[in-house]
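1. model the structure of this input:
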Amino acid sequence: MPLPSNPHPIVSAFSKSLQLNDSKHKGEKKTGLQKTIQVLGWRNRHSQAENYPIEIKSPKEYNFQVKQFQRGEVEETYGTGATVWPAALVLVKYLEHLVSQEGSTAIKTFDGHMNIADFGAGTGVTSIAAALLFPRSFVLCTDGSDVVVELAKENVKNMSSKKCEKEEDDIVQVESSNILTTKYWWGDGSLLVALKKNKGSGAKFNVILVADCVLPKLYPIIPLIDGLDECMSETSVAFCTYEHRYYPEYDPKVYFCHHAAKRGLKVEQIPTAHQHPIYSVDDIELWKITRDHDHDGENIC
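-> Predicted coordinates:
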């Protein structure tokens with residue numbers, strides 16, 4: 001059987017690293033092959049584990065675990081949201097990479113005391129990481145599935161035994177940050193209500209996190225854009241990871257960018273060179289989404 005005309009990006013990267021045979025490219029070959037092996041390692045190492053271990057090294061070192069369920073979709077219990085997907089790790093490690101860049105503009109922008117929303121949080125891994133990486137922040141960990149929200153609540157509560165006074169709202173203190181885990185249907189208005197209830201009428205979201213939710217086979221794209229449009233102020237920034245998967249009806253990336261532009265949202269692709277040196281791969285894109293103050297109806301991605 002012949003190979004497909006467009007092989008998977010990981011396969012392409014592996015093949016390229018093996019083909020750099022001349023002496024001029026020996027160093028590049030060694031580095032490329034080493035990274036490919038490392039990527040294959042972290043993508044598969046804990047995929048079947050009941051408790052997925054996470055290590056964050058910046059600015060302090062943290063080690064924690066989140067419970068996951070691999071067969072949630074097959075058994076019609078948790079769906080796909082109960083798993084730590086590679087795109088979530090790319091996002092977590094990008095945030096870690098931002099914080100580790102001492103003296104960079106990233107540090108000046110993301111220095112704690114922030115309001116952070118996590119869309120489609122699943123296990124809650126990105127919410128927990130954000131709470132640890134950005135001190136004194138208020139994180140809203142959200143999902144659209146009741147059962148997945150309960151899983152995220154369990155994982156968040158396992159991070160701390162100290163509760164805030166508003167225990168009925170499921171607010172948990174994780175280090176110096178607070179996490180509120182709640183259900184949110186993208187664009188239904190409830191998240192802004194929750195933010196203002198807890199942080200005051202003038203509160204706005206500084207950062208929005210979206211890991212692997214641009215997936216039209218499972219989640220409609222327009223409501224996701226509705227949620228971003230609803231929650232993003234003029235100064236908000238959203239970080240979204242998108243894993244390339246085949247979809248027969250249209251290109252999800254092009255579709256997302258087109259409809260985001262209609263809402264005045266600019267989508268920029270962050271190069272892998274600006275991401276974590278190991279947790280960055282060609283088939284998982286990282287997008288930065290902001291308000292387009294010079295909106296011309298087009299996006300660059």
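
2. strands along the stretch 151-300 of the chain, start to end?
-> 171-174, 177-183, 205-211, 232-243, 265-269, 284-291 (DSSP state E, counting those that start in this stretch).

3. mean pLDDT, distance to residue 129 and mean neighbour count for those - can I get that in CSV?
-> Using the backbone N, CA and C atoms, a C-beta is placed for each residue, glycine as well. Below are the strands of the stretch 151-300 of the chain laid out as CSV (pLDDT from 0 to 100; distance: least, CB to CB, whole Å; neighbours: other CB atoms under 10 Å):
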stretch, mean pLDDT, distance to residue 129, mean neighbour count
strand 171-174, 94, 10, 21
strand 177-183, 96, 11, 23
strand 205-211, 97, 9, 23
strand 232-243, 96, 12, 19
strand 265-269, 97, 22, 19
strand 284-291, 97, 15, 20
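
4. which ones are touching residue 142?
-> By CB atoms under 8 Å, 6 or more residues apart in numbering, the contact set of residue 142 is 117, 118, 119, 120, 121, 149, 181, 182, 183, 184, 191.

5. typo on my end, residue 180
-> By CB under 8 Å, 6+ apart, the neighbours of residue 180 are 138, 139, 140, 141, 169, 170, 171, 194, 198.

6. quick check on those: which are buried?
-> Buried members of those, scored by 16 or more other CB atoms under 10 Å, are 138, 139, 140, 141, 170, 171, 194, 198.

7. those in helices, which ones?
-> Counted as lying in helices by DSSP state H, out of those, are 194, 198.

8. between the buried ones among the contacts of residue 180, which is nearest residue 206?
-> residue 138 (9.6 Å; CB to CB).

9. shouldn't that closest one be in contact with residue 115?
-> Yes: when contacts are counted by CB atoms under 8 Å, residue 138 is listed as touching residue 115 (5.2 Å).

10. shared neighbours, the two?
-> What both residue 138 and residue 115 touch, as defined by CB under 8 Å, 6+ apart, is the set 195, 199.
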